[in-house]
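[1] got a sequence here, can you model it:
(chains A and B)
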Amino acid sequence: MVFETLQVSIIIMNKEKIIQVEKLTKTFGNFTAVKGITFDVYKGEIFGFLGANGAGKTTAMKMLIGISNPTSGKAIVAGLDVATQSDLVKMNIGYMSQKFSLYDDLTVNENITFFGGIYGLSRKQIKEKSIQLVEELEMQNVANNLVGALPLGWKQKLSFSVALLHEPKIVFLDEPTGGVDPITRRQFWEMIYTQAHKGTTIFVTTHYMDEAEYCDRVSIMVDGVIEALDTPKNLKQQFKVNSMNDVFLKLARNIE
Amino acid sequence: MKIILFIIQKEFKQIFRNKSMLPIIFILPLLQLVILSNAASFEVKNIKFSYVDHDHSAASRELIRTFQSSDYFDIIAEFPSKKEANLQMQKGNVDVILEIPIHFERNLIKQNYTNLSVSINAIDGAAAGVSNVYITQIISSFNQSIKMRLQIYNQGNEVQPENILTIPSFWYNKNLNYKIFMVPGILVLIVTMLSLFLSSMNIVREKEMGTLEQINVTPIKKHQFIIGKLFPFWILGLVILTVGLIIAKVLFNVPILGNIFLIYLFTSIYLILILGIGLFISNHTETQQQAMFIAWFFTVIFILMSGLFTPIESMPSWAQKVTLLNPIRYFVEVIRMVMLKGAGFNDIKSQLVIIAIYAFAINGFAVWSYKKTN
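    Here you go, the predicted structure:
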């Protein structure tokens, strides 16, 4: 146990920071959704971004992916400032939202073509990628079916692969497994692991505490503030509980 | 440019895949063109005509015969008294009551002067106006013929009958074919409505589905996205115009006296303006329902103030000024000028310049107000 923790920290120390967040704040009128959060994410890690509903996770994430301007503070993603270089940031990241966001009225292949196209891939590259991707997902039989007709689990896996089409350095996943069955959830996390092994940084929000256990490091956000940030193991030790579920409950309850 | 092509490809796929939208886009507008062009006319026919004849003379009978021989009047009834006739008008059974006074003929001959009373049901003011003109014309022609006859009766004596008062009217042209006049105008409405509605609901639809967020996370540029989104509707607008022109020519035999390319030149700039308005609506609404109502608000104002159904000259002066901002007004003017009068480039130049300036301003504003981040 001690050995494992050590190993994790060594890995972290050797890796460069790919996301640097400093006093990031977002205010809507009188309401401050994100209250000056500060944290770093390292290259190649799976970073769990946890929090209760309304804690400010999605707002914080929207600032990191460049679709929401910070009220104050700074965020550097892939070496680029989100406030001033958002289009360059977008070139380097992939994003998959909790709301399924491929086109239901296009086929699997057409969705791949479209998203590949707007990321600037050539027709030849897109063709190769589609074949490879459809094969990996074992969707050969449905490649020319409308995406709207696929089961949710398949859609989410496809959505994840599409977010990776342009080989981004970081992928942001906003509750990617919401409403998906346990088997598909498992497969989905296998995909995440595979991708992390290739060196892609994974930034993921989730409400499933078993998934939090799969992350390298986890932050827990409560009321716009990051209350805890460490490896799942250290967090459990720190709060003297046996599961991430209890860590989460303890933090959320303290606030109430 | 390459990225724009990917968006255009996707848009066309979505348009043609939507089996319920296709007939709405292509069939309904053309049905509208056929139906409205046949129905929308200022002509008033089958006017329900009644009369009260207190005179029962040769002259009064002749006057009524003139009305009988006209295509526009259906002689419904003769009433013994004005009171009874009024009752029927209140019930809506008659539109016009002509009352011929007692001694009508005698006064005409002796005093060269008499009065007629005409009551017109003016619930529909426009129709009443037209009826009034018809009646005036019939009475004035009756006046002419009775004059001749009086002169014959009174041969030798110098008679200058001035008699029945009529209001001269020049604006009504009996030979004017309303369809030829209306078809180009209605075609303008259809092209405008279709492109405005489709474009205003297009981007907001992606907002509703959540795909816009996905687009906003990509490095796509604003102008690429907007051009890619609107270009297909620009093409659709021109296609509808083409089909409409063919229907106008084949079905309604509307002449195209001017150069047809002038119409296309004008329409292609005009469509950029309309799509810009649609984009602007799309940017500032959250649901397709909101977009629909706002598009509808503009469409109704544009149509009613376009000069298509009511002449701009008869609007109050503030409203006339407002019509200067109405794009449909210019398109209606131009399409009628080119098709019916054979206008050339120089004749439509001013309208073209105005529309181009509007198109530039509205699109600039719409692109500026489209935000990938907020």
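[2] how deep is the residue in chain B positioned nearest to chain A tucked in, by neighbour count?
    The minimum distance from chain B to chain A, using C-beta to the nearest C-beta, falls at B:F6 (2.9 Å). C-beta: built from backbone N, CA, C; applies to glycine. One way to gauge burial is a neighbour count; for B:F6, by other C-beta atoms under 10 Å in any protein chain shown, it gives 23.
[3] wait, it sits on A:Y119?
    No. Shown here, B:F6 and A:Y119 do not form a contact pair, counting by C-beta atoms under 8 Å, at 9.6 Å.
[4] and chain B, which residues reach chain A?
    Where chain B comes near chain A, counting by C-beta under 8 Å from any C-beta of the partner chain, the residues are B:2-3, B:5-7, B:9-10, B:13-14, B:17-18, B:209-211, B:213-221, B:224, B:372-374.
[5] restricted to helices, list the residues you listed.
    Filtering these for membership in helices, criterion DSSP state H, returns B:2-3, B:5-7, B:9-10, B:13-14, B:17, B:209, B:211, B:213-216, B:224.
[6] please enumerate the strands of the stretch 1-150 of chain B.
    Secondary structure of the stretch 1-150 of chain B (DSSP state E, counting those that start in this stretch): strands located at B:47-53, B:73-78, B:96-100, B:117-120.
[7] in its sheet, what does the third one sit against?
    The partner list of strand B:96-100 in its sheet, established with DSSP bridges, is strand B:47-53 (parallel), strand B:117-120 (antiparallel).
[8] which pLDDT does the model give the one residue in the stretch 101-250 of chain A that gets nearest to chain B?
    Of all residues in the stretch 101-250 of chain A, A:G117 sits closest to chain B, with a separation of 2.9 Å (C-beta to the nearest C-beta). A:G117 is assigned a pLDDT of 94 by the prediction.
[9] that one and A:Q125 touch, don't they?
    No. Applying C-beta under 8 Å as the test, A:G117 and A:Q125 come out as separate, 10.0 Å apart.
[10] higher neighbour count, the two?
    Of the pair A:G117 and A:Q125, A:G117 is the one with more neighbours under other C-beta under 10 Å, namely 23 against 15.
[11] show me the contacts for the more buried one.
    With contacts defined as C-beta atoms under 8 Å, 6 or more residues apart in numbering or on different chains, the neighbours of A:G117 are A:126, B:2-3, B:5-7, B:9.
[12] hang on, it in a strand?
    No. Counting by DSSP: H, G, I helix; E, B strand; the rest coil, one finds A:G117 to be helix, located in no strand.
[13] distance of B:R336 from A:Y95?
    52 Å (C-beta to C-beta, to the nearest Å).
[14] so those two - more neighbours on which side?
    For B:R336 against A:Y95, the residue with the higher neighbour count under other C-beta under 10 Å is A:Y95, and the figures read 26 against 20.
[15] quick check: closest non-adjacent residue to the more buried one.
    Counting by C-beta to C-beta, 6 or more residues apart in numbering or on different chains, the nearest residue to A:Y95 once its immediate chain neighbours are dropped is B:V217, at 4.1 Å.
[16] got a list of what that neighbour touches?
    Taking C-beta under 8 Å, 6+ apart as the definition of contact, the neighbours of B:V217 are A:65-67, A:90, A:93, A:95.
[17] what residue ranges in chain B are flagged as low confidence?
    For chain B, applying pLDDT under 70 flags the ranges B:40-43, B:147-177, B:374.
[18] fine by me, thanks again.
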